[in-house]
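S.K.: can't give you the sequence, but here's the structure:
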C-alpha cells in the first residue's frame, strides 16, 4: 500500500512548493528553509522561485534519497542560477542539488547547512507555522555575513548570500528594535563591507571583523584603519562642486556624478 505522502504526490495536480519540507520533517531530517522564502516571510516582496533548504550535513544524502524515493528527480541548475551560486563540485566547496517533482513546475534546492553557516537549533530557528522551520531574523543575518566571509576569503562567488544580505539590511531598517542586538563584529561588517569597491578592501573588513570578535582590536581602532573608498569619492565630488561654484580656474571642471 502506498503511503499517504506518495498518494498525494502521484496526483497530476500541481503540488505546493513547501511539500518537500513536510516529507523531510516527517522522517526526522533536520532542515531549515533559507533563501527567498525567508526574506518573504520577513516582509520582502521578492518573488520566490526555487525553494531553498539547508540540510543538516550528516543527513544530506539521506534527504536526497528520501525525495528520490518520493518521485523527485535531479534537475540541472540553469545559467541564471550558476551566475549567483558559488562554484559547485569543488572539494570543500558549496554543495547543492536541485530537484523537481515531474508533475509540478516547482523546484527545491538542497544545500548543506554548513554552506549557509547556519546552526539548526531552537535558538536560531522557529516554526511560524507547524512543520515549517525558518531561521530567526538575526540568526539568518549572522549566517549570511558568515557565509559571505567564508566565500570572499577563498575567492569564491558570494553573489547568492550577498543578494540575500542586501535585502535583509533593508528589512532591518524596519526593525529598529533589533539593531542594538547585533554583535559588534557583525555591526562593523554592516557598516563597512558594502562600501568597499575592491576585494582587498573587503578582505580588510573581514580581517578587522575577526579581530573585533576575537577581542584583539577594539571597534574604535578598527574604524580608524578600515578602508573608506566612499569617503574618497565624496571628497573628490565635493572638490569639483566647490570648483564649479567658485568659477574654478577656467578649465570647466565637471562635477563627478
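M.R.: That came in fine, so what should we check first? What you see is a predicted model; the values in this text were computed from it and never measured.

S.K.: from here on, contacts and neighbour counts on C-alpha atoms
M.R.: Fine.

S.K.: what ranges do the helices span in the stretch 51-200 of the chain?
M.R.: For the stretch 51-200 of the chain, the helices defined by DSSP state H, counting those that start in this stretch cover 60-69, 79-84, 137-153, 159-172, 176-179, 184-192, 199-214.

S.K.: Tell me which residues are up against stretch 23-43.
M.R.: 5, 46-49, 51-56, 59, 63, 66-67, 113, 120, 125, 131-135, 137, 164, 167-168, 171 (Cα atoms under 8 Å, 6 or more residues apart in numbering).

S.K.: Pull out the buried positions in it.
M.R.: By 16 or more other Cα atoms under 10 Å, the buried positions in stretch 23-43 come out as 23-25, 29-39.

S.K.: Throw the residues you listed into JSON lines and include pLDDT, thanks.
M.R.: Output for these, formatted as JSON lines (pLDDT from 0 to 100):
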{"residue": "23", "pLDDT": "96"}
{"residue": "24", "pLDDT": "97"}
{"residue": "25", "pLDDT": "95"}
{"residue": "29", "pLDDT": "98"}
{"residue": "30", "pLDDT": "98"}
{"residue": "31", "pLDDT": "98"}
{"residue": "32", "pLDDT": "98"}
{"residue": "33", "pLDDT": "98"}
{"residue": "34", "pLDDT": "98"}
{"residue": "35", "pLDDT": "96"}
{"residue": "36", "pLDDT": "96"}
{"residue": "37", "pLDDT": "96"}
{"residue": "38", "pLDDT": "97"}
{"residue": "39", "pLDDT": "97"}
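
S.K.: Output the helices of the stretch 51-200 of the chain in TSV; the columns should cover distance to residue 16, mean pLDDT and mean neighbour count.
M.R.: TSV is the format used below for these (distance: least, Cα to Cα, whole Å; pLDDT from 0 to 100; neighbours: other Cα atoms under 10 Å):
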stretch	distance to residue 16	mean pLDDT	mean neighbour count
helix 60-69	15	98	16
helix 79-84	21	88	12
helix 137-153	24	97	20
helix 159-172	23	97	17
helix 176-179	32	89	11
helix 184-192	35	98	18
helix 199-214	40	98	18
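
S.K.: Now, the buried residues of stretch 23-43 that are in strands?
M.R.: 31-34 (DSSP state E).

S.K.: what is the nearest residue to residue 60 once chain neighbours are set aside paired to in the beta sheet?
M.R.: Leaving aside its chain neighbours, residue 60 sits nearest to residue 112 (6.7 Å; criterion: Cα to Cα, 6 or more residues apart in numbering). For residue 112, the beta-bridge partners under DSSP bridges are residue 55.

S.K.: So residue 112 versus residue 203, what's the distance?
M.R.: Noted for residue 112: a distance of 25 Å to residue 203, by Cα to Cα, to the nearest Å.

S.K.: Tell me if I'm right that the residue nearest to residue 60 and residue 95 touch.
M.R.: Yes. Judged on Cα atoms under 8 Å, residue 112 makes contact with residue 95 at a distance of 6.1 Å.

S.K.: between those two, which one's more packed in?
M.R.: More neighbours surround residue 112 than the other of residue 112 and residue 95, with 22 against 19 (other Cα atoms under 10 Å).

S.K.: and stretch 22-41, how far from the chain's centre?
M.R.: Centroid separation for stretch 22-41 versus its chain: 15 Å, with Cα atoms, centre = their mean, to the nearest Å.

S.K.: actually stretch 194-214, not the one I typed
M.R.: On Cα atoms, centre = their mean, the centre of stretch 194-214 falls 18 Å from that of its chain.
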